[in-house]
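Predicted coordinates and the sequence they were generated for:
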Amino acid sequence: MKKILTHRENQIFKALVEGKSTREIASDLGISDKTVRNHISNVILKLDVKCRSQAILELIRCKEIEM
C-alpha cells in the first residue's frame, strides 16, 4: 500500500496526535512554525479535508498514523 505522508508529515501528525502545539513541533524538529503549518496544509489538501482534526481522523482510518 502506498504511503500518503512524507516522513516529515508523518513526524508532524504523530506529534499532533500526542497533543503537541505547532510551536512545540517546530522546536522539536528544528524548523519554523510556518514550515509546520505548511506541512499540515499540504496534508489537508492531499486528503481533501477541511481541517487538521479531520486530517488526523482520516489518517488514523487509513492506518497511516496511530493513536
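Perfect, I can see it now.

Tell me the secondary structure of the nearest residue to Ile4 once chain neighbours are set aside, please.
Counting by Cβ to Cβ, 6 or more residues apart in numbering, Ile4 lies nearest to Glu64, which is 5.1 Å off, once chain neighbours are set aside. In this view, the C-beta of every residue, glycine as well, is placed from N, C-alpha and C. Using DSSP: H, G, I helix; E, B strand; the rest coil, the structure places Glu64 in coil.

most centrally placed residue in the chain?
Centroid check for the chain by Cα atoms, centre = their mean gives Phe13 as the closest residue, at 2.9 Å.

correct me, but that one touches Leu59?
Yes: between Phe13 and Leu59 a contact is recorded at 5.9 Å, counting by Cβ atoms under 8 Å.

so what sits against both of the two?
Contact criterion Cβ atoms under 8 Å, 6 or more residues apart in numbering; residues shared by Phe13 and Leu59: Leu5, Val43, Ile65.

Ala15 and Glu58, how far apart?
Using Cβ to Cβ, to the nearest Å, we find Ala15 at a distance of 17 Å from Glu58.

Then Ser27?
Ser27 is 26 Å from Glu58, by Cβ to Cβ.

do Cys51 as well
Taking Cβ to Cβ, one finds Cys51 at 11 Å from Glu58.

The two: which is more packed in?
Summary of the neighbour comparison: Cys51 and Glu58, criterion other Cβ atoms under 10 Å, with Glu58 having more neighbours (18 against 10).
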